[in-house]
Every structure is written in C-alpha cells, then in structure tokens.
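Asker: here is the input, now give the coordinates:
(one chain, ligands or ions: 2)
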Amino acid sequence: MLLSPSPLERLNRARADLRMGLPVVLTDGTDAALVAASETLDEARLAAMRGFGTVVVVLTAHRAQTLKARVYDGDLSRVVLPAEAGVGWIEALADPAEDLTHPMKGPLTSQREGDAGLHRAAIRLVKSAQLLPAAVLVPLPAAHGLDGLTSLTAGETEAPETRLDPVVAARLPMQLAGVGRLHVFRPQDGGIEHYAIEIGRPMRDSPVLARLHSACFTGDVLGSLKCDCGPQLHAALSAMQTEGAGVLLYLNQEGRGIGLANKMRAYSLQDQGFDTVEANHRLGFEDDERDFRLGAELLRRLGFEQVRLLTNNPKKQAMLESGGIKVTERVPLKVGLTEENAAYLATKAAKSGHLL
Ligand SMILES: Nc1nc2c(ncn2[C@@H]2O[C@H](COP(=O)(O)OP(=O)(O)OP(=O)(O)O)[C@@H](O)[C@H]2O)c(=O)[nH]1
Ligand SMILES: [Zn+2]
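Answerer: Numbers count the residues shown, from 1 in each chain. Ligands and ions are numbered 1, 2, ... in the order given. Predicted coordinates for the structure are as follows:
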C-alpha cells in the first residue's frame, strides 16, 4: 500500500521504539525474535518477553571480555538471563558504571548453539539508537504475529548510505569567520539534521578549504578542557576567514557517534583511570562509531568535489576519498593543547592514528 512505511522508515521507527522501552520484532526468513534495549526495558515488558522462552542479553565482544563472559560468536556474546534476574541485573551487565564498585557476581553462561544473525542485527539496532550496545532478545515462534510492534528483517537494520535533503539556507554573520551561509540538511531516514556553513563565496572549480567537525557539546559549547574540539572549531573558522572562503560541515555525531549520554558514561570511566579508547570498549563500542559517508554526501550536495581538509585524522581523509571527494591536501589543525587534554591527544595519536 502506498501509505505503508518503507524499510528505512520502519528502521527509524524501531530506533524510537527501543528508546521508549518498546520491543521490536526482528526476522530473517526462517527465525524471528523479540528485541528490546537493555537500557530502557522495564520489568513488565521483560516478564512478557520471558513468556516466549529463554531470554538472552546480547553483548558486544568488547563488553563481554570486560565481564569475562565467553564469546562464541566472534563479535558478540549471548548471555543467558538467569531465572531470578530482573532489569537491574541486565543493567549491570550493560552499563560499566558500577563495574569497579559492584563487580558482576557468578559465572555468566553464554549460548553456543544456533545462529547469531538476529543477535548481531539487534546490537546494530540499539547502537544506531545511541543506546548502550546491549540488547535483550527472545526467540519467537515463527508464526507469531505481534500486533502493533515494529517489525524489521535483519538486513533492514543495516542502514544504507543516508541521502540528505537541503531544507533551508540563510545568511549568518559570524565573529570569527565573517559573513557565511548556514545550510540545514535533513536525512531521508528522519534522523538528526546536519549543518554546512559556507564562509565567503567558495569556488566550485578549485579545492575548497574544508573542515568536517563532529559535534562536541562539551568542547564546542562549554569550552571543556578535556578535548581540543572547541579550539579546533574556532581555528577552522578563523582560517576560512583569513582565506576568504571555506566550508565547515557540522556533523551531529556527538561522542564519535555514540551520543552524549554514552560519551558521559565514557567520561565517568575516564575518571576511573581508563583512556578514551578503553572507555569506549568497556561500554561495548568500537573506538569510533562515526559514519563519514555523510560528509562526502554533504559536500557533493553543495557542489564541492575537491577539498583541502583541515584535520589531523588520516581516516577522515581516507573516508572522504572513498566517498568520491578528492582531498588535494591535508591541512593540520593543531590547537588547544591543555594540561587536561594532553593524555587524550596522546591516546588518539597512539591508538587511533591521529597525527600529532
Ligand atoms: N567517545 C568519546 N568521544 C569523544 C571523547 N572526546 C571527544 N569526543 C568526540 O570526538 C569527536 C571529535 O571530533 P573531530 O574533532 O571532528 O574529529 P577527530 O577524529 O578528533 O579528528 P580531527 O579532524 O583531527 O579533529 C567529537 O564527536 C567529540 O564529541 C571521548 O573521550 N570519548
Ligand atoms: Zn570534544
């Protein structure tokens, strides 16, 4: 029917459902399962899920290793929910906040038999909802229909490259960069908007000075000393002002794509002595969960094919190039070193390939 939601629309609906604590149905042709996010599931819905059979908590291998749970599926582990365990137990499994003060007790039993395809899709889904990467899953009898719940196939949880549509652009005079134009772009999947700021009147037929800046509420807005984002943002705007032209993409990928709530969880772990990469792993994330295809798509939409990229991150350059944008030059952006962020910057250089 013309009015029914497309796979992409159902994907975005599923993310909203999980954030509300509502389970969704995942299928893969032969099997089906009910999936909820560990972080938002309540006791009543957990009890209803138990009615279908053995419930498992799906953890990423990173998180499972921290908890010493066995990993039989490569990148993830399916931990069986004990009969007496409730949502508090699930939360302790998912959230490392209390790992040191209240270590998980008792051996964790991981499932070994059967296929983990739906479990993998479940992790992908909760991550893309910017929740803790731990899902609660129970197999459903194949023919079981659950009215009103959003249903997706495992394949549909893999977000295709997001198309972005221009919404509006308007003139913006700025302290550091002079007069520019701010463009707002909206992803077709209904996700969060991203911004592009054109400084001056950049030409389309020569490489433009460009910055792809990932949102950092703490650094950009609050002037946090834990990272270098604020000074980098300001230095990029100033460089574009000096040059008379440039384009700054402000991508809403807070916390290298894990969202502010998870970034603050990572900061708590950093206060316990873990570095920025270890903290992401303890939470169950990869070092960097950003999708830089977005930047290439935005530049193309604005008519830019070649850039001189302000960055210290060679991966950004590589991703842009694989997205079809020619990077004629990498322009280093080394500003904002403080006593508080020296270790953070050193870790990025040692573990994430950033150039010092
Ligand atoms: N997960 C996590 N994210 C962080 C932490 N500190 C900063 N961030 C995020 O890291 C991202 C940094 O973005 P950028 O400065 O654009 O990228 P970059 O990889 O540092 O590369 P550059 O172009 O060299 O700056 C932002 O999304 C910040 O919110 C942290 O300790 N943990
Ligand atoms: Zn920052």
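Asker: is stretch 285-298 in proximity to ligand 1?
Answerer: No: judged by C-beta under 6 Å from any ligand atom, stretch 285-298 stays clear of ligand 1, getting no closer than 7.0 Å. Quick note: C-beta positions are derived from backbone N, CA and C, even for glycine.
Asker: wait, Phe294 sits on Thr162?
Answerer: Careful, residue 294 is Leu and not Phe. Yes: counting by C-beta atoms under 8 Å, Thr162 is a contact partner of Leu294 at 6.4 Å.
Asker: looking at those two, which one has more neighbours?
Answerer: Using other C-beta atoms under 10 Å, the more surrounded residue of Leu294 and Thr162 is Leu294, with 24 against 17.
Asker: wait, a strand at that one?
Answerer: No: under DSSP: H, G, I helix; E, B strand; the rest coil, Leu294 sits outside any strand and is assigned helix.
Asker: let's have the chain start at 871 instead
Answerer: All set: I'll call the first residue 871, so the last point we hit is now Leu1164.
Asker: list phi and psi for the residue lying closest to it once chain neighbours are set aside.
Answerer: Excluding the flanking residues, the one nearest Leu1164 by C-beta to C-beta, 6 or more residues apart in numbering is Leu1121, at 6.0 Å. Note on Leu1121: backbone dihedrals following degrees, to the nearest 10 are phi -100, psi 130.
Asker: and what of Ser1222?
Answerer: phi -110, psi 0.
Asker: just give me the neighbour total for the closest residue to ligand 2 within the stretch 871-1020 of the chain.
Answerer: Relative to ligand 2, the nearest point of the stretch 871-1020 of the chain is Gln1000 (16.7 Å; C-beta to the ion). For Gln1000, the count of nearby residues is 21 (other C-beta under 10 Å).
Asker: go ahead and confirm it touches Ala1131.
Answerer: Yes: the criterion here is C-beta under 8 Å, and Gln1000 meets it with Ala1131 at 7.2 Å.
Asker: show me which residues of the chain sit near ligand 1.
Answerer: 1083-1086, 1097, 1099, 1102, 1123-1126, 1128, 1133, 1136, 1146, 1150, 1181-1183, 1186, 1203, 1224.
Asker: please name the residues that touch the spatially closest residue to Arg933 that is not a sequence neighbour.
Answerer: Using C-beta to C-beta, 6+ apart and skipping the chain neighbours, the partner closest in space to Arg933 is Gly1154 (3.4 Å). Neighbouring residues of Gly1154 by C-beta atoms under 8 Å, 6 or more residues apart in numbering: Leu929, Thr930, His932, Arg933, Ala964, Leu1002, Pro1003, Ala1004.
Asker: now those residues in a markdown table, with distance to Lys1196 and pLDDT?
Answerer: Formatted as a markdown table, these follow (distance: C-beta to C-beta, whole Å; pLDDT from 0 to 100):
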| residue | distance to Lys1196 | pLDDT |
| --- | --- | --- |
| Leu929 | 41 | 98 |
| Thr930 | 35 | 97 |
| His932 | 35 | 95 |
| Arg933 | 39 | 95 |
| Ala964 | 42 | 95 |
| Leu1002 | 38 | 97 |
| Pro1003 | 35 | 97 |
| Ala1004 | 40 | 98 |
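Asker: filter those to the buried ones?
Answerer: Among those, those that count as buried by neighbour count (16 or more other C-beta atoms under 10 Å) are Leu929, Thr930, His932, Arg933, Ala964, Leu1002, Pro1003, Ala1004.
Asker: what's the spacing between the spatially most central residue of the chain and Arg1160?
Answerer: What sits nearest the mean C-alpha location of the chain, by C-alpha atoms, centre = their mean, is Gly1127, with 3.0 Å. Look at Gly1127 and Arg1160: by C-beta to C-beta, to the nearest Å, they are 4 Å apart.
Asker: hang on, the earlier thing: Ala902: which of the buried ones among the contacts of Gly1154 is nearest?
Answerer: Minimum distance to Ala902 across the buried ones among the contacts of Gly1154 is 20.5 Å, recorded for Ala1004 (C-beta to C-beta).
Asker: who does that closest one form a beta bridge with?
Answerer: For Ala1004, the beta-bridge partners are Leu929 (DSSP bridges).
Asker: equivalent analysis for the one 4 residues further on, please.
Answerer: With beta bridges defined as DSSP bridges, Val1008 has these partners: Leu904.
Asker: so it makes contact with Leu904?
Answerer: Yes: judged on C-beta under 8 Å, Val1008 makes contact with Leu904 at a distance of 5.2 Å.
Asker: which stretches of the protein have low pLDDT?
Answerer: Applying pLDDT under 70 to the chain flags the ranges 871, 975, 1013-1015.
Asker: which bits of it sit near ligand 2?
Answerer: Within the chain, the positions adjacent to ligand 2 are Cys1086, Gly1089, Cys1097, Cys1099 by C-beta under 5 Å from the ion.
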